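Student: sequence isn't available, so here's the structure alone:
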Ligand SMILES: Cc1cc2nc3c(=O)[nH]c(=O)nc-3n(C[C@H](O)[C@H](O)[C@H](O)COP(=O)(O)OP(=O)(O)OC[C@H]3O[C@@H](n4cnc5c(N)ncnc54)[C@H](O)[C@@H]3O)c2cc1C
């Protein structure tokens, strides 16, 4: 509950831009994860000064505050797990400056990724991290999550593009981290620390991003396999050749079936497809294409399709981006996609072992169907669980599988999250992976947020299980 006096003070300077309407406090309690917790109030600031005032009030009354972009986080990062204030950036969505000659753009946190790229494309530039959620993800959310996507193999993740940040610290001061220069060796790289901190170390109110020129030309290759291991071997072989395409994506049969059902796309329905995006001059692409065809052929590809046609390339890329939201179409109306162990990252050479191992684990658990896809070229796999979320047995199976899968990932030298972050759902496994660095991270959190108000109870602070505050009507017979 928010104290009456605090609510009054908020209303005094925000007016209609603070809401305690039951519909709002309920809806803003969701993100794209399995969790839900009602907020107590939603605020819509318009400036860093207003953000500062709100944070100071939260400190004074010791009320939790959860920053929120579009709520597309998959592990509970935007769920106000301890209630309190949710801060939305819908009213801070201006592209403030496009400085092509300095290779940078300055934006407010509520700008949407695809809107930013539509603007930059007019100048022949783009902001490369390309999440599947690019049509909704805000730049503030992407920085806070260190989001990335298909092009990370060649271009890196959001953190690599963060030059400077304006941040309202949990104690209420406004700090400017980073620089507007391409090079920066001036002490601690605080902007890089805030990037990926999931709204637990401060609120980002302005972002300066580096930008890149658009590639000259692209072609896409679809290589189809009836053997998942050989498909994933093809990925390792392409990288080792050496060849670094713009993206190398993997989709297994469950994912292909789902996206074919949902969108009617002309993907081959086989055990696995590897989708390779080549870019450069026409000659570069021609040479790289020969290499890819040779490697895929050697590994037993049963079908190889190539397209440089814009309409077809867009259709394939959009279909690949739509895999996650299409998953519930796999077993129409019987099983639904839930986000659990969805985002592990591995050394690239371990991808074949991981894909094989995940399917082996799946076979032991009768209530779960597993879809495996992802940016396998950079070692990042997505595994999607399809279950009947009303069935407690399905949750028990899923929970066991998550543990077994992360044990495998950690044994193979991987990490629990490549891009979707920790939040609540992955926190217990991060403890397993990062035993000796957790205490240092907790000290940083305590130093910056002594009153523990900034998106509390997540990430380094989460010490409970994963099946908590579930959004589904299911009785698990214990903590729910
Ligand atoms: C269908 C689908 C596909 C996806 N594909 C990808 C993908 O390919 N790659 C990928 O990386 N992710 C992906 N995601 C996850 C998610 O979309 C990204 O993490 C995205 O960056 C979140 O942006 P958002 O605006 O929705 O942030 P939210 O979900 O609202 O918030 C995410 C986190 O950022 C914090 N935050 C938000 N704004 C601020 C701010 N101004 N200051 C401080 N903290 C803030 C929040 O507190 C929260 O911890 C996908 C999600 C879905 C549903």
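Tutor: Structure's in. What do you need? Please read these numbers as outputs of a predicted model, since none were measured by experiment.

Student: contacts and neighbour counts: CA atoms only from here.
Tutor: Fine.

Student: do you know how far the residue nearest the centre of the chain is from residue 216?
Tutor: Using CA atoms, centre = their mean, the residue of the chain that lies closest to the mean C-alpha position is residue 420, 3.2 Å off. Counting by CA to CA, to the nearest Å, the gap between residue 420 and residue 216 amounts to 30 Å.

Student: run a quick neighbour tally on the residue of the stretch 351-480 of the chain found nearest the ligand.
Tutor: When CA to the nearest ligand atom is the measure, the stretch 351-480 of the chain has its nearest residue to the ligand at residue 419, with 4.2 Å between them. A count of neighbours around residue 419, defined by other CA atoms under 10 Å, yields 24.

Student: got a list of what it touches?
Tutor: Under the criterion of CA atoms under 8 Å, 6 or more residues apart in numbering, the neighbours of residue 419 are 145-149, 343.

Student: kindly report the same for residue 358.
Tutor: Contacts for residue 358 were tallied using CA under 8 Å, 6+ apart; they are residue 405.

Student: how far does the helix or strand that contains it sit from its chain's centre?
Tutor: With elements taken from DSSP states H and E, the one containing residue 358 is helix 351-363. Helix 351-363 has its C-alpha centroid displaced from the chain centroid by 22 Å (CA atoms, centre = their mean, to the nearest Å).

Student: with stretch 370-389 instead?
Tutor: A distance of 13 Å separates the centroid of the chain from that of stretch 370-389, by CA atoms, centre = their mean.

Student: need the distance between the two termini of that stretch.
Tutor: Across its full length, stretch 370-389 reaches 14 Å end to end, with CA to CA as the criterion.

Student: buried set for the helix holding residue 358?
Tutor: If you call a residue buried by 16 or more other CA atoms under 10 Å, then helix 351-363 has these buried ones: 351-352, 354-355, 358-359, 361-362.

Student: go on, stretch 363-371?
Tutor: By neighbour count on 16+ other CA under 10 Å, the buried set for stretch 363-371 is 367-371.

Student: can you check stretch 460-473 too?
Tutor: 460-462, 466-468, 470-471.

Student: so where do the helices sit in the stretch 1-150 of the chain?
Tutor: Here the stretch 1-150 of the chain has its helices, by DSSP state H, counting those that start in this stretch, at 4-14, 22-27, 48-61, 113-121, 139-145.

Student: can you tell which of those helices is closest to residue 432?
Tutor: helix 139-145 (20.6 Å; CA to CA).

Student: give me the contact status of the closest one with the ligand.
Tutor: Yes. Using CA under 6 Å from any ligand atom, helix 139-145 reaches the ligand at 140-142, 144-145.

Student: please apply the same query to stretch 87-104.
Tutor: No. Contact between stretch 87-104 and the ligand is absent, the nearest approach being 6.7 Å (criterion: CA under 6 Å from any ligand atom).

Student: which residues of this protein score low on pLDDT?
Tutor: Across the chain, residues meeting the criterion (pLDDT under 70) sit at 478-480.

Student: buried ones in the helix ranked longest in it, by neighbour count?
Tutor: Counting residues, the longest helix in the chain under DSSP state H turns out to be helix 392-411. Neighbour-count burial for helix 392-411 flags 393-395, 397-399, 401-402, 405-410 (criterion: 16+ other CA under 10 Å).

Student: these into TSV, with extra columns for distance to residue 424?
Tutor: Formatted as TSV, the entries for the buried residues of helix 392-411 read as follows, by distance: CA to CA, whole Å:
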residue	distance to residue 424
393	21
394	20
395	16
397	19
398	16
399	14
401	17
402	14
405	17
406	15
407	18
408	20
409	19
410	19
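
Student: most widely separated two among the residues you listed?
Tutor: Between all members of the buried residues of helix 392-411, the longest pairwise span (CA to CA) is found for 393 and 410 and amounts to 26.1 Å.

Student: and residue 70, how far from residue 93?
Tutor: When CA to CA is the yardstick, residue 70 and residue 93 sit 12 Å from each other.

Student: looking at the two, which is more packed in?
Tutor: Higher neighbour count among residue 70 and residue 93: residue 70, with 21 against 18, using other CA under 10 Å.

Student: any idea how far the more buried one is from the ligand?
Tutor: If you measure residue 70 against the ligand using CA to the nearest ligand atom, to the nearest Å, the figure is 4 Å.

Student: I'd say that residue and residue 140 touch.
Tutor: No. In terms of CA atoms under 8 Å, residue 70 does not count as a neighbour of residue 140; the distance is 9.6 Å.

Student: just the buried positions in stretch 53-69, please.
Tutor: With burial defined by 16+ other CA under 10 Å, the residues of stretch 53-69 counted as buried are 53-59, 62-69.

Student: between those residues, which sits nearest residue 327?
Tutor: Relative to residue 327, the closest of those is residue 69; by CA to CA it sits at 23.9 Å.

Student: gap between that closest one and residue 343?
Tutor: Per CA to CA, residue 69 is found 20 Å from residue 343.

Student: in a strand, that's where residue 277 is, yeah?
Tutor: Yes. Counting by DSSP: H, G, I helix; E, B strand; the rest coil, residue 277 falls inside a strand.

Student: so for it, what's the nearest residue that isn't a sequence neighbour?
Tutor: Closest residue in space to residue 277, ignoring its immediate chain neighbours: residue 220 at 4.6 Å, by CA to CA, 6 or more residues apart in numbering.

Student: for the one you found, list each beta-bridge partner.
Tutor: Per DSSP bridges, the residues bridged to residue 220 are residue 277, residue 307.

Student: does the nearest residue in space to residue 223 that is not next to it in sequence count as helix, strand or coil?
Tutor: Counting by CA to CA, 6+ apart, residue 223 lies nearest to residue 304, which is 4.5 Å off, once chain neighbours are set aside. Secondary structure state of residue 304, per three-state DSSP, is strand.

Student: now do the contacts for residue 304.
Tutor: Applying CA under 8 Å, 6+ apart, one finds that residue 304 lies in contact with 221-224, 293.

Student: now swap in residue 408 and tell me
Tutor: 354, 357.

Student: spell out which parts of the stretch 251-400 of the chain neighbour the ligand.
Tutor: 324-325.
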